[in-house]
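J.: okay, here's the prediction I keep looking at, along with the sequence it came from:
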Amino acid sequence: MSVNGVEEIRNIKARNYGNNAVVDLVIIVDHNSALTDAHEISTQVEQVLIKKYGIYEVNVHVEPKPIVTG
(Lines give C-alpha, C1' and ligand atoms only; values in the text may rest on other atoms or scores of the structure.)
Protein backbone atom coordinates (compact mmCIF):
# COMPACT_ATOMS: atom_id res chain seq x y z
CA MET A 1 0.00 0.00 0.00
CA SER A 2 1.36 3.41 -0.89
CA VAL A 3 -0.22 6.70 0.15
CA ASN A 4 1.67 9.97 -0.26
CA GLY A 5 2.54 11.48 3.09
CA VAL A 6 2.76 8.19 5.00
CA GLU A 7 6.33 7.81 6.20
CA GLU A 8 5.80 4.66 8.23
CA ILE A 9 3.08 2.25 9.34
CA ARG A 10 3.14 0.74 12.83
CA ASN A 11 1.05 -1.42 15.13
CA ILE A 12 -1.18 -3.09 12.55
CA LYS A 13 -3.90 -5.08 14.27
CA ALA A 14 -6.68 -6.98 12.54
CA ARG A 15 -9.66 -8.83 13.95
CA ASN A 16 -12.85 -10.44 12.77
CA TYR A 17 -16.16 -8.73 13.31
CA GLY A 18 -18.61 -11.43 12.33
CA ASN A 19 -17.70 -12.22 8.72
CA ASN A 20 -15.85 -8.91 8.31
CA ALA A 21 -12.30 -7.72 8.97
CA VAL A 22 -11.52 -4.67 11.08
CA VAL A 23 -8.03 -3.13 10.99
CA ASP A 24 -6.39 -0.70 13.43
CA LEU A 25 -3.07 0.91 12.57
CA VAL A 26 -0.80 3.85 13.28
CA ILE A 27 0.64 5.98 10.50
CA ILE A 28 3.61 8.29 10.90
CA VAL A 29 3.52 11.58 8.99
CA ASP A 30 5.90 14.52 8.79
CA HIS A 31 5.82 16.50 12.03
CA ASN A 32 5.27 19.69 10.02
CA SER A 33 2.08 18.37 8.37
CA ALA A 34 -0.97 20.54 8.90
CA LEU A 35 -3.84 18.90 10.76
CA THR A 36 -6.03 19.02 7.66
CA ASP A 37 -3.29 17.32 5.61
CA ALA A 38 -2.80 14.60 8.23
CA HIS A 39 -6.55 14.00 8.27
CA GLU A 40 -6.66 13.73 4.47
CA ILE A 41 -3.75 11.26 4.52
CA SER A 42 -5.52 9.09 7.09
CA THR A 43 -8.72 9.18 5.03
CA GLN A 44 -6.78 8.04 1.95
CA VAL A 45 -5.29 5.13 3.93
CA GLU A 46 -8.78 4.10 5.07
CA GLN A 47 -10.14 4.26 1.51
CA VAL A 48 -7.28 2.20 0.05
CA LEU A 49 -7.72 -0.56 2.62
CA ILE A 50 -11.49 -0.63 2.20
CA LYS A 51 -11.51 -0.53 -1.61
CA LYS A 52 -8.43 -2.60 -2.42
CA TYR A 53 -8.65 -5.22 0.32
CA GLY A 54 -12.34 -5.23 1.23
CA ILE A 55 -11.75 -4.30 4.85
CA TYR A 56 -15.03 -3.58 6.63
CA GLU A 57 -13.72 -0.91 9.01
CA VAL A 58 -10.35 0.85 9.30
CA ASN A 59 -9.23 2.87 12.32
CA VAL A 60 -6.17 5.04 11.66
CA HIS A 61 -4.25 6.82 14.40
CA VAL A 62 -1.88 9.54 13.14
CA GLU A 63 1.40 10.38 14.87
CA PRO A 64 4.07 12.90 13.87
CA LYS A 65 7.49 11.65 12.86
CA PRO A 66 9.81 12.24 15.82
CA ILE A 67 12.26 15.10 15.52
CA VAL A 68 15.80 13.76 15.63
CA THR A 69 18.27 16.08 17.32
CA GLY A 70 22.01 15.86 17.78
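T.: Looks like it arrived, so ask away.
J.: where do the helices of this structure begin and end?
T.: Secondary structure of the chain (DSSP state H): helices located at 35-53.
J.: which ones are touching G54?
T.: With contact taken as Cβ atoms under 8 Å, 6 or more residues apart in numbering, G54 is in contact with A21. Quick note: C-beta positions are derived from backbone N, CA and C, even for glycine.
J.: burial check on V60, number of neighbours?
T.: When neighbours are defined as other Cβ atoms under 10 Å, V60 has 20 of them.
J.: return the distance of the nearest residue to it once chain neighbours are set aside relative to T69.
T.: Leaving aside its sequence neighbours, V60 sits nearest to S42 (Cβ to Cβ, 6 or more residues apart in numbering; 4.2 Å). The gap separating S42 from T69 is 27 Å, by Cβ to Cβ, to the nearest Å.
J.: what do you get for E7?
T.: Counting by Cβ to Cβ - E7 and T69 are separated by 18 Å.
J.: do T36 as well
T.: 27 Å.
J.: looking only at neighbour counts, state which of those two leads.
T.: Taking neighbours as other Cβ under 10 Å, T36 and T69 compare with T36 leading, 8 against 4.
J.: report the separation between the more buried one and L49.
T.: 21 Å.
J.: ok, now V23?
T.: 6 Å.
J.: who touches both of the two?
T.: By Cβ under 8 Å, 6+ apart, V23 and L49 have these common neighbours: 55, 58.
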